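Participant: Model the following, please.
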Amino acid sequence: MARFKIPDGWVMQAYRYALDPTPAQERSLASHAGAARFARNHMLRLVKAVLDQRAAERSYGVAEADLTPGLGWSLPALRRVWNARKNSAAPWWKENSKEAYNTGLDSLARSLEAWSKSRGGRRAGRPVGFPRFHTKRARASVRFTTGPIRLEPDRHHVTLPKLGRIRTHESTRKLGLRIESATARVLSATVARDSDGRWYASFQTLVQRTTTRPAHAGIRHAVVGVDVGVKDLLVVATPDGAEVERVPAPRSLARAQVRLRALQRKASRQQAPYDPQSKQKRLPSKRWRRTQALIGKAHARAASIRRDTVQKATTRLAQQVLVITVETLNVSGMRTAGGARKRGLNRALADAALAQVRRMLAYKTIWYGSRLVEADRWYPSSKTCSGCGSRKPRLLLAERSYVCEHCGLVIDRDLNAAINLARLGEAHTLSERSPAGSGPVAGRGATQETEPAPAGDAAGCETSTPPQHPLDQTGTASPQGEAA
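Facilitator: Reported below is the predicted structural model:
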């Protein structure tokens, strides 16, 4: 599938706005999300039936040429089959936009492609299982790529296909001004319901940006190293050993545990949709639904606090530092099973959002003209002494202070790791003059205990065809054909 080539001087950027829909619009949004789920589940059921039929025929000795014709897994193939079956399978399909069904089919096509590549050894990372059916408790979302997608001039309304004019909870002035000045183009809009029950509209846009720093942000340091952790989210240090900044982890999920435990105990005494005794489904009570809404709001608030802390810290670093060195952590590999202590560690890792730091710095350094140097995953930043350079063969997680056996240096282990990362970034800067966003570099004394998985394609491969046609003066995508 051809990829969308971003013009020079333009970057992909998303704008997210909370919506204030009317009750009728909220029902319509839920209907669109349900339609996407129905289309995905319907076609997945058909794909499974065809695969089972072909497997049964092979067991009977039927030749490959005489097997039941296979079903294409690409988005155009799934859409052709859906269009032929939708009148009988979903006679109500005209109530929703065609983009709702395209969203479900696109999700299924991506899942089948990921499973096929993982099964054939053409996908890095953990094995991907066969796609599953989506339930009503899955995240409700729908993506619009064609039709009227625009921001209204009053800065407090957005217009989406079939849904019409929806009020936003906050002003859309920032994106609206960019569209009016022809420095931003709307490619698509995704409407999704968060865990707190609120609907959000995310606009995927192409934005023309100049690599400049804000006037209020001065250059404080040339090179810094950033060590991320569970106790302290960020520990920033310079190559000469000075600690620049220490950002404590927000621990918003840990602080919400008292309320969450009380709400979970309350929900356990109410009528849930599943009866543990009879092991049958049942209609949940209204009180159980209200309690679940409160649980979702508690989780959404914890996520918002965590996201706000990481956003502010990474923006400050990208604006005030020229070269930033971070580790390439395998955060998913840190989560293990086994006992209450491991459960606490897994919860702390999820609460810290360690992987978000490098992801945000990757694009913010490009925005503000900084450089991001990513240390190799096997670089021993914590095991190396920042004083004499000796390396410890073993360093326990409980050892919060680094004690060097050679020079006798006693230093905080996070600060020690940040200093080593800063010196690695300084050495890399002197040896290579590369543009912003450079890839991983191997550190001195790096050890590789196991063979690392090959790096995947960070850009990904879009299943749906990206819009390659010109956009109109309002910055919205023009129609791409007839209804599916």
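Participant: So for the residue lying closest to residue 267 once chain neighbours are set aside, what's the pLDDT?
Facilitator: Of all residues not flanking residue 267 in the chain, residue 291 sits nearest, at 4.5 Å (CB to CB, 6 or more residues apart in numbering). Yep, even glycine has a C-beta here, placed from its N, CA and C like the rest. Per-residue pLDDT puts residue 291 at 96.
Participant: Also residue 40?
Facilitator: 97.
Participant: Please report how far it lies from residue 101.
Facilitator: 9 Å (CB to CB, to the nearest Å).
Participant: Among the two, which residue is more densely surrounded?
Facilitator: More crowded of residue 40 and residue 101, by other CB atoms under 10 Å: residue 101, with 28 against 24.
Participant: Mind checking what secondary structure that one has?
Facilitator: The local conformation at residue 101, judged by DSSP: H, G, I helix; E, B strand; the rest coil, is helix.
Participant: could you list every residue that touches it?
Facilitator: 35-36, 39, 82, 86, 93, 484 (CB atoms under 8 Å, 6 or more residues apart in numbering).
Participant: from the residues you listed, which two are the most distant?
Facilitator: Between any two of the contacts of residue 101, the greatest separation by CB to CB is 13.1 Å, found for 36 and 86.
Participant: quick one: which of those two has more around it?
Facilitator: Ranked by neighbour count (other CB under 10 Å), residue 36 and residue 86 place residue 36 first, with 25 against 18.
Participant: To which secondary structure element is the more buried one assigned?
Facilitator: Using DSSP states H and E, residue 36 falls within helix 23-59.
Participant: so what secondary structure elements neighbour that helix?
Facilitator: Counting contacts by 3 or more CB pairs under 8 Å, 6 or more residues apart in numbering; DSSP states H and E, helix 23-59 is packed against helix 75-89, helix 98-119, strand 141-144, strand 184-193.
Participant: deepest of these, which one?
Facilitator: Sort those by mean neighbour count, taking mean count of other CB atoms under 10 Å, and strand 141-144 sits at the top with a mean of 24.
Participant: Secondary structure class of the residue nearest to the spatial centre of the chain, three-state.
Facilitator: Nearest residue to the geometric centre of the chain (CA atoms, centre = their mean): residue 356, 8.7 Å. For residue 356, the secondary-structure state derived from three-state DSSP is helix.
Participant: roughly how far apart are the closest residue to it other than its chain neighbours and residue 144?
Facilitator: Setting aside the residues directly before and after it, residue 356 is nearest to residue 310 in space (CB to CB, 6+ apart), at 5.1 Å. Per CB to CB, residue 310 is found 29 Å from residue 144.
Participant: okay but residue 112 is in contact with residue 46, surely?
Facilitator: No. Counting by CB atoms under 8 Å, residue 112 sits too far from residue 46 to count as a contact (11.9 Å).
Participant: that older thread, just so I know, which of the helices and strands packed on helix 23-59 lies nearest residue 5?
Facilitator: When those are ranked by proximity to residue 5 (CB to CB), strand 184-193 comes first, at 13.0 Å.
Participant: neighbours of residue 273, just the number please.
Facilitator: Residue 273 has 14 nearby residues by other CB under 10 Å.
Participant: Tell me how many other residues surround the spatially closest residue to it that is not a sequence neighbour.
Facilitator: Setting aside the residues directly before and after it, residue 273 is nearest to residue 284 in space (CB to CB, 6+ apart), at 4.3 Å. Residues near residue 284, counting by other CB under 10 Å, number 16.
Participant: Residue 284: what's it in contact with?
Facilitator: Per CB under 8 Å, 6+ apart, neighbours of residue 284: 270-273.
Participant: For residue 248, which residues count as its bridge partners?
Facilitator: residue 232 (DSSP bridges).
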